[in-house]
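Visitor: model the following, please.
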Amino acid sequence: MTFLEGAVVAVLLICFLFIIRLHIVVKTGSNHKPGAEGPVAALVVAGSGGHTTEILRLMESLSAAYTPRHYVIADTDRMSEEKICTFESLKQHSDSQTCSTVSQFTIHRIPRSREVHQSWSSSVLSSLSALCYSLPLVFRLRPDMVLCNGPGTCVPLCMAGLLLGILGMKKVVIVYVESICRVETLSLTGKILYLISDYFFVQWSSLRDKYPKSIFLGRIV
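Guide: Take a look at the predicted model:
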C-alpha cells in the first residue's frame, strides 16, 4: 500500500468514526438531563427584533437553576443587548445599570451568519466566519444547554456545541423552539437544526404532524 492509499484509507476511517459518533450523540441526546446535579449553564442565542422578544419570554419561565446565562448576539445587532440587560436587571431585582456588575449573565457577539436579503453564495462565507468565532466561544464557555429560536446565528453555535459532544468533551443539550410565526413550514434554521437538536418545539399542531420528532405544547411564547 502506497503512502497516498494509506492516507486515503485513514481519512475514510476517520470520517466513518466521526459519522458513527455523530449518530450516537444525536440519538442519545434526549436521555441526557442537564441540571440533575446542579445549576445549568445556558447559552442563549438572541436574534434581532422578534427573535429576541420571543427568547426573553422563554427565559421568563426558566427557574434560577439556569445560571449562568450566556447570551450570544450578532455583532451588527444594536438593540438586543439593551433588551437583555433590562430583562436581567428585572429578573435579578438588581439596581445595577450596567452589565459589567451583574455576575449571573454575560453577553457575547459573533458575526451574523446571514444578513437579511444576503445572497446564498456569500452567506456560505459569512457562516464559516461565524463558525470560526463560535467554536472557541463554545469550547471556552462549555454550556450545558444551547437555547435558540430561529436566528441564523444559532446554527454555528449549535454545531460547535454538537462538536463538544462528538469529541467526548461534554454533552451539550440543544433546545430549539420554532417561532410562533411558522405555521405550515419550518424556517431554514429550523430545517437544519431539526436534524441535530435534542428537543425541537413547534407551536402549531400542523408542524407537529409534518415533523414527528417535534414536540407540540401549544403556544409557549
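Visitor: contacts for stretch 173-193?
Guide: 29, 32, 34, 50-51, 54, 58, 144-152, 154-155, 158, 161-162, 194, 196-204, 206-207, 211, 214, 219-221 (CB atoms under 8 Å, 6 or more residues apart in numbering). Where C-beta positions appear, they are placed from N, C-alpha and C, glycine not excepted.
Visitor: actually stretch 197-208, sorry about that
Guide: So stretch 197-208 is in contact with 26, 29-30, 32, 158, 173-180, 182-186, 190, 193-194, 211, 213-221, going by CB under 8 Å, 6+ apart.
Visitor: before we move on, what about stretch 64-76?
Guide: Residues outside stretch 64-76 that contact it (CB under 8 Å, 6+ apart): 35, 39-48, 52, 59, 80-81, 84, 88, 103-112, 115, 137, 141, 143, 145, 151, 153, 157.
Visitor: ok, stretch 124-142 next?
Guide: Contacts for stretch 124-142 (CB under 8 Å, 6+ apart): 41, 43, 70, 72, 108, 110-115, 118, 152-153, 155-157, 159-161, 163-164, 169-170, 172.
Visitor: what subset of those residues is buried?
Guide: 41, 43, 70, 72, 108, 110-114, 152-153, 155-157, 159-161, 163-164, 172 (16 or more other CB atoms under 10 Å).
Visitor: now go through those and say which are in helices.
Guide: In helices, defined here by DSSP state H, the members of the buried ones among the contacts of stretch 124-142 are 155, 156, 157, 159, 160, 161, 163, 164.
Visitor: for this structure, what are the low-confidence residue spans?
Guide: Counting by pLDDT under 70, the chain has low-confidence residues at 1, 3-9, 15-18, 21-23, 25-36, 93-103, 115-122.
Visitor: show me where it has its helices.
Guide: Going by DSSP H, the chain shows helices at 3-28, 50-60, 80-91, 120-141, 154-166, 188-193, 205-210.
Visitor: in JSON lines: these, plus distance to residue 66.
Guide: Below are the helices of the chain laid out as JSON lines (distance: least, CB to CB, whole Å):
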{"stretch": "helix 3-28", "distance to residue 66": "22"}
{"stretch": "helix 50-60", "distance to residue 66": "8"}
{"stretch": "helix 80-91", "distance to residue 66": "11"}
{"stretch": "helix 120-141", "distance to residue 66": "14"}
{"stretch": "helix 154-166", "distance to residue 66": "16"}
{"stretch": "helix 188-193", "distance to residue 66": "20"}
{"stretch": "helix 205-210", "distance to residue 66": "25"}
